[in-house]
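>>> how does the following fold in three dimensions:
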Amino acid sequence: MERTIIGHFATRRDAELAVEHLVQDHGIARTDVFVQAPGTANSAGSQAAGADVESGHPGVDKTGAPELGGEIEVSVDCHGRQSGEVEGILKEAGARRVSAKSL
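Got it, this is the predicted structure:
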């Protein structure tokens, strides 16, 4: 059955790690994975983490602030029996909640 599994993440870092695990470790096609803010506003998540907190360069102060306008959605179009596996991967990567819809 064709389904879309959607994970909701508090940080951009967790969302990016989820995509990395899906694609690199579990062979999910990158063209089946989508990352977006759930609304029309830009968002880096609801909590700062990773590059949003540090400049990444020793001795260099971080300037600016991340656009924290809400959670980040990672949605995955699943084919066949992938749904359960994808749901588990999203939860393991830190999804606050996971939902599904039929395609």
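>>> so what pLDDT did the residue nearest in space to the middle of the chain get?
Nearest residue to the geometric centre of the chain (C-alpha atoms, centre = their mean): A15, 2.4 Å. What the model reports as pLDDT for A15 is 92.
>>> go on, V74?
We have a pLDDT of 96 for V74.
>>> skipping adjacent residues, who's closest to it in space?
When the adjacent residues along the chain are set aside, V74 lies closest to G7, with 4.7 Å between them (C-beta to C-beta, 6 or more residues apart in numbering). (C-beta placed from N, C-alpha, C; glycine too.)
>>> if we can go back for a sec, so where does the residue nearest to the centre of the chain fall, helix or strand?
Secondary structure assignment for A15, by DSSP states H and E: helix 12-20.
>>> cool, E73 as well?
Using DSSP H and E, E73 falls in strand 72-78.
>>> what comes into contact with the next helix-or-strand element following that strand?
As assigned by DSSP H and E, the chain's next helix or strand after strand 72-78 is helix 82-92. If you take C-beta atoms under 8 Å, 6 or more residues apart in numbering as the criterion, helix 82-92 is touched by 1, 3, 5, 7, 18, 21-22, 26, 28, 74, 76, 78, 98, 100.
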